[in-house]
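K.L.:
Mind looking at a prediction? Sequence and model below.
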Amino acid sequence: MPVAHRPARSLRVLLDPPNPPLAVRLGLQPDIEVVASLTQRPAVALVEDPQSVAALLAEDPECRVLVATGSAHPGLREAVLAAGAAGLVLRDGPVEELAECLRRASMGETVVDPALAGP
């Protein structure tokens, strides 16, 4: 009887700060592997503190950084993009949408959730 193999995970994602429940939900995506540190060479880092963008990029300039937020704040989108982030996403949205944002960011796109795009 043939064994069904799970496809190799190709997208490494770092969660900063670590978020075990989100890591489990993202890990259910067939192509996403959540890693614990920058030494594991993530393609994308998902951070909650916009001020950590510059530090992450200084350590690994090839890593794309998305900032997760709970709501839009005046000037937040502009600030995170100016800091070098690849985008801004909602923290509490559906995991499938977040996974798609991570994929798009890994391919070089700038990703801003429409709810955070501003006027």
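P.N.:
All right, it came through fine. Numbers count the residues shown, from 1 in each chain.
K.L.:
pLDDT below threshold where in this protein?
P.N.:
Along the chain, segments meeting pLDDT under 70 span 1-9, 118-119.
K.L.:
most centrally placed residue in it?
P.N.:
residue 46 (3.5 Å; C-alpha atoms, centre = their mean).
K.L.:
Can you point out the helix or strand that includes that residue?
P.N.:
strand 44-47 (DSSP states H and E).
K.L.:
Name the residues that touch that strand?
P.N.:
Residues from elsewhere that reach strand 44-47 (C-beta atoms under 8 Å, 6 or more residues apart in numbering): 11-16, 38, 53, 56, 63-68, 86, 89, 98, 102, 105-106. For glycine as for every other residue, the C-beta is placed from the backbone atoms N, C-alpha and C.
K.L.:
on that earlier part again, any idea what the residue nearest to the centre of the chain is bridged to?
P.N.:
Beta-bridge pairing of residue 46 under DSSP bridges involves residue 15, residue 66.
K.L.:
got the contact list for stretch 111-119?
P.N.:
66, 69, 72, 76-77, 81, 86-90, 93, 97, 101, 104-105.
K.L.:
need the helices for this structure, in chain order.
P.N.:
All helices of the chain, identified by DSSP state H, fall at 20-27, 52-59, 76-82, 95-106.
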